[in-house]
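S.K.: Provided below for reference: sequence and predicted model.
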Amino acid sequence: GQQLNQSPQSMFIQEGEDVSMNCTSSSIFNTWLWYKQDPGEGPVLLIALYKAGELTSNGRLTAQFGITRKDSFLNISASIPSDVGIYFCAGYMEYGNKLVFGAGTILRVKS
Amino acid sequence: GAGVSQSPSNKVTEKGKDVELRCDPISGHTALYWYRQSLGQGLEFLIYFQGNSAPDKSGLPSDRFSAERTGGSVSTLTIQRTQQEDSAVYLCASSLGLAGTTYNEQFFGPGTRLTVL
């Protein structure tokens, strides 16, 4: 079953707006990874987080590893049309060696 | 190559036929993963290879699915007697494979889109 709850399921925003999405779990994670998937492609790694409280940026993207180790968020500032795609959170649970994925957030941008 | 490659990119087959999907991981990556992604869904874990250890097959949906990894590099996912519900994108990923470190970031191939008629 789904061990990561990712929200929102989809977003349709105006170009230039900021975007926020998050993942939560009842389990503790020791790594959080955020991926973006374009149509017909495999997921591409955007940001990796390894410590509780860690805040990491990659251009207009910022992600944080929650203090409780049970959640993470991804923010995209000043969205542009090429931000369109599906964003997945993923994480390694404490003592786990398999990457667990959220169901994805579909992002659409109106220009 | 620089990234994970998969072949074929698309495969159309008839129900009941066997198919083989190939994955070439990033050179030097000891861990290799197979996932399945149905239309509009997230990624479903299938199988995980780590070095010379026995693979973790806990995600394989039935005994019609099998995978092998020869020489610690290339992997083949085989689906026997395909069914229509096997239609999906099959993604392969690899990582350096050291759990708990930056080395377990997984890098994905472009996937194989399987359609079973």
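M.R.: Structure's in. What do you need?
S.K.: use CA for all of it now, contacts and neighbours both
M.R.: Will do.
S.K.: for chain A, what spans make up the strands?
M.R.: A:5-7, A:10-14, A:19-24, A:29-37, A:44-49, A:55-58, A:61-65, A:71-76, A:85-93, A:99-101, A:105-110 (DSSP state E).
S.K.: Tell me the strands beside the worst-scoring helix or strand of chain A on mean pLDDT, with direction?
M.R.: Least confident helix or strand, chain A: strand A:99-101 with a mean of 89, by mean pLDDT, DSSP states H and E. Strand A:99-101 has its sheet partners listed here by DSSP bridges as strand A:85-93 (antiparallel).
S.K.: what residues are up against residue 36?
M.R.: All of this is about chain A. Residue A:36 sits next to A:43-46, A:85-88 when contact means Cα atoms under 8 Å, 6 or more residues apart in numbering or on different chains.
S.K.: if you could check chain B rather than the one you did, that'd help
M.R.: Residue B:36 neighbours (Cα under 8 Å, 6+ apart): B:43-46, B:88-91.
S.K.: could you redo the last one with a cut-off of 10 Å?
M.R.: B:42-47, B:59-60, B:86-92, B:111-113 (Cα atoms under 10 Å, 6 or more residues apart in numbering or on different chains).
S.K.: for residue A:79, same thing?
M.R.: A:13-19, A:60-61, A:108-111.
S.K.: How much space separates the nearest residue to residue A:104 once chain neighbours are set aside from residue B:14?
M.R.: Nearest residue to residue A:104 in three dimensions, chain neighbours excluded: residue A:88, at 4.5 Å (Cα to Cα, 6 or more residues apart in numbering or on different chains). According to Cα to Cα, to the nearest Å, residue A:88 and residue B:14 sit 32 Å apart.
S.K.: Alongside chain A, which residues does chain B contribute?
M.R.: B:4, B:9, B:33, B:40-45, B:47-48, B:50, B:56, B:89-93, B:97-102, B:104-113 (Cα under 10 Å from any Cα of the partner chain).
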